[in-house]
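Novice: Have a look at this prediction, sequence included:
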Amino acid sequence: QVQLVESGGGLVQAGGSERLSCAASGRTFSNYVMGWFRQAPGREREFVARISPSGSVTSYADSVKGRFTISRDNAKNAVYLQMNSLKPEDTAVYYCAAGAYGSGGYRSTGAYDYWGQGTQVTVSS
């Protein structure tokens, strides 16, 4: 089992920045691909970013590329999402997730076995 707890989020003005953190406990954190997803009201949960177990490979949704940065610190069992130039359409509940390395399809929720409870990010215009 892996337990994930997100922190950060809140209310931010458009154009501002916010940093989300996700603390992991349980099984070896460095074995897992970590992802960030988000879900707005009335919409499906969507991929935001993911990072390989070593941190050497990242990928992003087109909607956040160039504005968001995912990173991890395996010594601290943590993954982060730095969000810059925030837009009202970034408003959502943000979730971190852990998936076994090698399964592929990391832009899909099905690739992840463990999820945090989510943290709300609201961007005002």
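Specialist: Received, thanks.

Novice: got a list of what the residue positioned nearest the centre of the chain touches?
Specialist: When C-alpha atoms, centre = their mean is applied to the chain, the residue found nearest the centroid is Trp36 (2.0 Å). Each residue near Trp36 by C-beta atoms under 8 Å, 6 or more residues apart in numbering is listed here: 20, 22, 48-50, 70, 79, 81, 94-97. C-beta coordinates here come from the backbone N, C-alpha and C atoms, glycine included.

Novice: now Val12
Specialist: By C-beta under 8 Å, 6+ apart, the residues touching Val12 are 18, 86, 121-124.

Novice: again, 6 Å this time
Specialist: Contacts for Val12 (C-beta atoms under 6 Å, 6 or more residues apart in numbering) come out as 18, 86, 123.

Novice: With Arg27 instead?
Specialist: Val2 are the contacts of Arg27 under C-beta under 6 Å, 6+ apart.

Novice: what's the answer for Ser125, then?
Specialist: For Ser125, counting by C-beta under 6 Å, 6+ apart, the contacting residues are 14, 88.

Novice: Any figure for the gap between the closest residue to Arg19 other than its chain neighbours and Thr119?
Specialist: Distance criterion C-beta to C-beta, 6 or more residues apart in numbering; nearest residue to Arg19, sequence neighbours excluded, is Gln82 at 5.1 Å. Distance of Gln82 to Thr119, computed by C-beta to C-beta, to the nearest Å: 14 Å.

Novice: who has more neighbours, those two?
Specialist: Using other C-beta atoms under 10 Å, the more surrounded residue of Gln82 and Thr119 is Thr119, with 22 against 15.

Novice: Regarding the residue nearest to the centre of the chain, what is its secondary structure?
Specialist: strand (DSSP: H, G, I helix; E, B strand; the rest coil).

Novice: and if you look at Gly110?
Specialist: At Gly110 the chain is in helix, as set by three-state DSSP.

Novice: do you know how far it is from Gly16?
Specialist: Gly110 is 33 Å from Gly16, by C-beta to C-beta.

Novice: More neighbours: these two, which one.
Specialist: Gly16 (13 against 9).

Novice: you'd agree that one is up against Leu86?
Specialist: Yes. Applying C-beta atoms under 6 Å as the test, Gly16 and Leu86 come out as touching, 5.4 Å apart.
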